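> Everything below, folded, please.
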Amino acid sequence: TEKDEAWIRGRLRGGSRLENISDGVAQLALQGPRAAEILASLAEALPEKYYSALRGKAAGVDCLISRTGYTGEDGFELYCAPAKAPELWDALLAAGKEAGIIPCGLGARDTLRLEAAMPLYGHELSGGISPYAAGLGMFIKPDKGEFIGREALAGGYSACARRRTGLLMTGRGIAREECLVYDGQRLVGRITS
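Below you'll find the predicted structure:
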């Protein structure tokens, strides 16, 4: 949060202002194949498209409801006042009980993200890792005019010394972050997530 805030503050222009409201917002995520069904039973309306959001109520709680999950599953994120989060949490668990809803943490989210091959900032992407190296070149439109970082991305894929790729585990065991990857005796990479 602090890094993002500092970056944005350094680029404010004209009469723009920034207010960091992070400490006044709680987030709950509902992810999985039955997420829409469960949330529809509690919410006035749901965002229809992926990467969209709307303001509304869920279980009577004022929320920003987004459909921006990063698990590879359908899902929603509900942003509300921190004092209302426990009430919303309980309502989500009750509404999803028959569907088999269970609480989970970032480890489960990361497992799904990895299976869906979705890069995460700080792992497969960072200030020192090009979006091209992270496999996100399809989102860069160098011919669409000026943008921050355009010059740094000018070399495209040809300027990348590294590439993100998936691995298939062929035996028991877990590939842990920072583990080295070998092809025979030759070091060919390292695990990022």
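
> okay, and the helix or strand of this structure with the least pLDDT?
helix 106-115 (a mean of 86; mean pLDDT, DSSP states H and E).

> so what does that one touch, helix or strand wise?
strand 26-31 (3 or more Cβ pairs under 8 Å, 6 or more residues apart in numbering; DSSP states H and E). For glycine as for every other residue, the C-beta is placed from the backbone atoms N, C-alpha and C.

> Put the alpha carbons of the very next helix or strand once past the strand it packs on into PDB.
Next helix or strand after strand 26-31 toward the C-terminus (DSSP states H and E): helix 35-40. Extracted in PDB, the C-alpha atoms of helix 35-40 (Å, rounded to 0.1, in the frame of the first residue of the first chain):
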ATOM      1  CA  ALA A  35     -19.700 -18.000  -6.000                       C
ATOM      2  CA  ALA A  36     -22.300 -16.200  -8.200                       C
ATOM      3  CA  GLU A  37     -25.100 -18.500  -6.900                       C
ATOM      4  CA  ILE A  38     -24.100 -17.900  -3.300                       C
ATOM      5  CA  LEU A  39     -23.600 -14.200  -3.500                       C
ATOM      6  CA  ALA A  40     -26.800 -13.700  -5.600                       C
END
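
> got the buried residues for helix 35-40?
A35, A36, I38, L39 (16 or more other Cβ atoms under 10 Å).
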